[in-house]
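# next comes the sequence, and after it the predicted model I'd like to discuss.
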Amino acid sequence: MKSLPIVIVTMLLISCANEKQKETKEVVDPSPVVADTVGQIIAITGPGQLDTVKKSIKAIVTKKINDLTITISYHSPGVRNRVIWGGLVPFDQVWVAGAHMATSIEFNKRITINGKKIPAGKYAFFAIPSQKEWTLILNKNWQQHLTDKYDIREDVMRVMVKPDTINYLQERLRYDIIEQKEGLGAIELRWEKLLISVPVG
């Protein structure tokens with residue numbers, strides 16, 4: 001009879017351990033959606049990783065470079081075995097540079113892009129892809145669905161850049177803000193096997 005409390009305590013401990021193990025399994029997310037280096041939620045898939053999420057995932061990336069803070073909000077579509085450039089994204093047409101709502105870029109202070117001074121504020125970021133060169137656009141109307149209300153008269157900047165290729169498949173469209181020397185930086189867009197980079201300062 002004296003050993004009965006020990007048996008009960010042991011059974012309770014085993015039961016609690018099983019419950020804790022069960023709780024741990026329930027919070028594990030098998031999807032490829034993880035937190036990036038700044039703690040924002042973004043779909044990140046690299047070589048050999050399977051992405052089964054069909055929808056375009058909302059993502060935010062933000063970075064502080066000295067006293068400049070840049071925040072990019074966008075929806076991240078996947079390649080999903082589709083032809084992207086010249087297919088899903090037509091050449092020589094204004095593209096939302098993401099999916100769904102217009103991709104937005106916000107600066108907390110005046111910046112310079114390609115020698116042009118851009119006032120602090122929030123802008124829509126559009127692109128016109130072509131086979132050899134892209135046109136990147138900042139537009140005053142950042143709150144719009146795709147390019148439904150795009151008006152060239154509200155452009156505050158257009159800059160031409162040449163795309164680079166990467167040696168792996170970037171399954172989901174991804175933006176990064178890269179800090180460079182002397183307080184300068186760059187905004188990078190990667191998708192499929194292309195990289196677009198524009199310096200900011």
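Okay, I see it.

# residue ranges for the strands of this structure, please.
When assigned using DSSP state E, the strands of the chain occupy the ranges 33-35, 41-43, 57-65, 68-76, 104-107, 111-113, 116-118, 121-128, 134-139, 155-161, 164-179, 185-200.

# to residue 87, which of those lies closest?
The closest of the strands of the chain to residue 87 is strand 185-200. By C-beta to C-beta, the value is 10.0 Å. Every C-beta, even on glycine, is put in place using the N, C-alpha and C of the backbone.

# what's the angle between that closest one and strand 57-65?
Strand 185-200 and strand 57-65 are oriented at 80 degrees to each other (axes from the mean of the first three to the mean of the last three C-alpha atoms, to 10 degrees).

# show residues contacting strand 185-200.
Here strand 185-200 makes contact (C-beta atoms under 8 Å, 6 or more residues apart in numbering) with 63, 65, 68, 70, 72, 79, 84-85, 97, 105, 111-114, 127, 134, 136, 159, 161, 163-170, 172-180, 184, 201.

# filter these down to the buried ones and hand me the PyMOL line.
Listed next is the PyMOL selection for buried residues among the contacts of strand 185-200, using 16 or more other C-beta atoms under 10 Å:
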select buried, resi 63+65+68+70+72+79+84+85+97+105+111+113+127+134+136+161+163+170+172+173+174+175+176+177
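
# just to revisit the earlier point, so for residue 92, which of the strands of the chain sits nearest?
strand 121-128 (6.4 Å).

# pLDDT on the closest one, on average?
The predicted model gives strand 121-128 an average pLDDT of 97.

# other SSEs contacting it?
strand 104-107, strand 134-139 (3 or more C-beta pairs under 8 Å, 6 or more residues apart in numbering; DSSP states H and E).

# could you redo the last one with a cut-off of 10 Å?
strand 68-76, strand 104-107, strand 134-139, strand 155-161, strand 185-200 (3 or more C-beta pairs under 10 Å, 6 or more residues apart in numbering; DSSP states H and E).

# off-centre distance for the third one?
For strand 134-139, the distance between its averaged C-alpha position and the chain's averaged C-alpha position is 17 Å (C-alpha atoms, centre = their mean, to the nearest Å).
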